[in-house]
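Asker: here's my sequence, what's the structure:
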Amino acid sequence: MGKAKKPTAGRTEIRLGGFGGQGIVTAGYLLGKAAILEGKHAVLTKAYGPQIRGGWVLANLIIAQEPIDYPEVRSPDILICFAQDAYERLRPDLQPQGMILFDRDLVSISTEEKARAIGIPAQQLAEQLGKRVVSNNVMLGLLIASTHLVSKETLERALAETVPPQFRELNLRALEVGFAHFA
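Answerer: Residues are numbered from 1 along each chain as shown. Okay, here's the model as predicted:
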């Protein structure tokens, strides 16, 4: 896969999509919290499908240097897909030079998009750590390594402040795996 263009400074719109149980909203929350810890502004909105469990989930995050006067993501700079359906539904709104991060075991992207996409086996890597549910943090590690949107240390701090103590080490390892997978 080629290296995608990094988002521009100032305001970055990120859309994460997948199914319930994949940690989509948590990933958006952690990234937004890390941005705030760095003195940036962040707004997170989320949407769920009608199913109680296993339905589609969407998280929209805006990170900006200035106060955010309009909180809706309209044309994301970064699209993170944890499911094929998410890619197919959300891809049309992506900026022409936008970046796509995806779980390559769960999502097939079009050939013409490969130059701006980075795929890793996030779920498989998470399973190797012992819990599939941390694939969201594997993907966040990849995002930070490829964009430097926030620092790795700040994201680790946001995670440590948010995740229950018994799950911190596992989640921090998942971040590291995603980060190292890009390098």
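
Asker: buried stuff in stretch 135-149?
Answerer: Residues 135-147, 149 are the ones in stretch 135-149 that count as buried (16 or more other Cβ atoms under 10 Å). Where C-beta positions appear, they are placed from N, C-alpha and C, glycine not excepted.

Asker: pLDDT on that stretch, on average?
Answerer: Mean per-residue pLDDT for stretch 135-149: 95.

Asker: can I get the CA coordinates of it in CSV?
Answerer: Backbone C-alpha positions of stretch 135-149 (Å, rounded to 0.1, in the frame of the first residue of the first chain) are rendered in CSV as follows:
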residue,chain,number,x,y,z
SER,A,135,-8.3,-3.8,17.3
ASN,A,136,-9.6,-0.2,17.7
ASN,A,137,-6.4,0.7,19.5
VAL,A,138,-4.2,-1.1,17.0
MET,A,139,-5.8,1.1,14.4
LEU,A,140,-5.3,4.2,16.5
GLY,A,141,-1.6,3.3,16.8
LEU,A,142,-1.4,3.1,13.0
LEU,A,143,-3.2,6.5,12.6
ILE,A,144,-0.8,8.2,15.0
ALA,A,145,2.2,6.7,13.4
SER,A,146,1.1,7.7,9.9
THR,A,147,-0.3,11.2,10.6
HIS,A,148,1.2,12.5,13.9
LEU,A,149,-2.2,14.1,14.5
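
Asker: OK, contacts around the residue nearest to residue 173 when sequence neighbours are not counted?
Answerer: Closest residue in space to residue 173, ignoring its immediate chain neighbours: residue 129 at 5.7 Å, by Cβ to Cβ, 6 or more residues apart in numbering. Applying Cβ atoms under 8 Å, 6 or more residues apart in numbering to residue 129 gives the contacts 170, 173-174, 177.

Asker: low-scoring stretches of the chain, by residue?
Answerer: 1-9, 50-54, 183 (pLDDT under 70).

Asker: got the buried residues for the lengthiest helix in the chain?
Answerer: Using DSSP state H, we find that the single longest helix of the chain is helix 165-182. Across helix 165-182, burial judged by 16+ other Cβ under 10 Å covers 170-179, 181-182.

Asker: what's it in contact with?
Answerer: Helix 165-182 is contacted by residues 118, 120, 122, 125-126, 129-131, 134-146, 152, 155-156, 159-160, 163 when judged by Cβ under 8 Å, 6+ apart.

Asker: ok, now stretch 22-30?
Answerer: Residues contacting stretch 22-30 (Cβ under 8 Å, 6+ apart): 14, 16-18, 44, 46, 57-61, 80, 82-83, 133-137, 139-140, 155, 158-159, 162.

Asker: list the ones among these that fall in helices.
Answerer: 135-137, 139-140, 155, 158-159, 162.

Asker: got CSV for these, with distance to residue 31 too?
Answerer: Shown next, in CSV, are those (distance: Cβ to Cβ, whole Å):
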residue, distance to residue 31
135, 15
136, 10
137, 10
139, 10
140, 6
155, 7
158, 8
159, 10
162, 11
